[in-house]
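[1] A predicted structure for the sequence below; I have some questions about it.
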Amino acid sequence: MQTYKGSCHCGHISFEVEGDMEKVIECNCSMCQRKGAKMWFVPEPAFRLLTPEENLATYTFNTHRIKHHFCPDCGIHAFGQARDREGKPMVSINVRCLEDVDIEALPVHRFDGRSL
């Protein structure tokens with residue numbers, strides 16, 4: 001298991017996440033398509049926010065089940081929070097915000113969020 005460090009562009013939001021990144025997900029919903037993120041989903045206990053929650057701006061839409069967190073200063077979408085189908089808290093990490101990750105080497109699963 002590896003620990004990754006991540007942040008927004010300006011560093012106002014920083015975090016650590018632990019796990020084995022085997023693939024990333026690209027979603028085509030109206031939000032994900034626009035932000036261009038590649039997401040890695042981890043159980044909430046694997047995520048640790050290193051900056052105060054007050055540093056986050058949050059956006060929800062549609063069913064309001066996903067909290068899309070971004071930096072109010074630089075605008076970068078760093079991560080989101082929701083629950084999986086079994087009700088377990090999950091965090092979706094924007095792997096483009098992680099240090100030392102070869103994003104192009106990761107297998108990509110394309111998720112059809114537009115059809116939900």
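    Received it, and whenever you're ready, just let me know what you need.

[2] in the protein, which spans are helices?
    30-35 (DSSP state H).

[3] So which residue is smack in the middle of it?
    Nearest residue to the geometric centre of the chain (CA atoms, centre = their mean): residue 93, 2.4 Å.

[4] Next up, the contacts around that residue.
    For residue 93, the contacting residues are 4, 6, 17, 39-42, 47, 78-79, by CB atoms under 8 Å, 6 or more residues apart in numbering. C-betas here are computed from N, CA, C, even on glycine.

[5] Could you do residue 109 as well?
    For residue 109, counting by CB under 8 Å, 6+ apart, the contacting residues are 23-26.

[6] could you pull out the strands for the chain?
    Counting by DSSP state E, the chain has strands at residues 2-7, 14-19, 24-27, 39-43, 47-49, 57-59, 67-70, 77-83, 89-94, 108-111.

[7] follow-up on the earlier one: nearest to residue 111, of the contacts of residue 109?
    For the contacts of residue 109, the minimum distance to residue 111 (CB to CB) is 5.2 Å, reached by residue 25.

[8] Residue 39 is in contact with the closest one, correct?
    Yes - if you go by CB atoms under 8 Å, residue 25 and residue 39 touch, sitting 4.8 Å apart.

[9] Between those two, tell me which one has more neighbours.
    Using other CB atoms under 10 Å as the criterion, residue 25 and residue 39 rank with residue 39 on top: 21 against 17.

[10] what's the pLDDT at residue 80?
    Note for residue 80: predicted pLDDT of 95.
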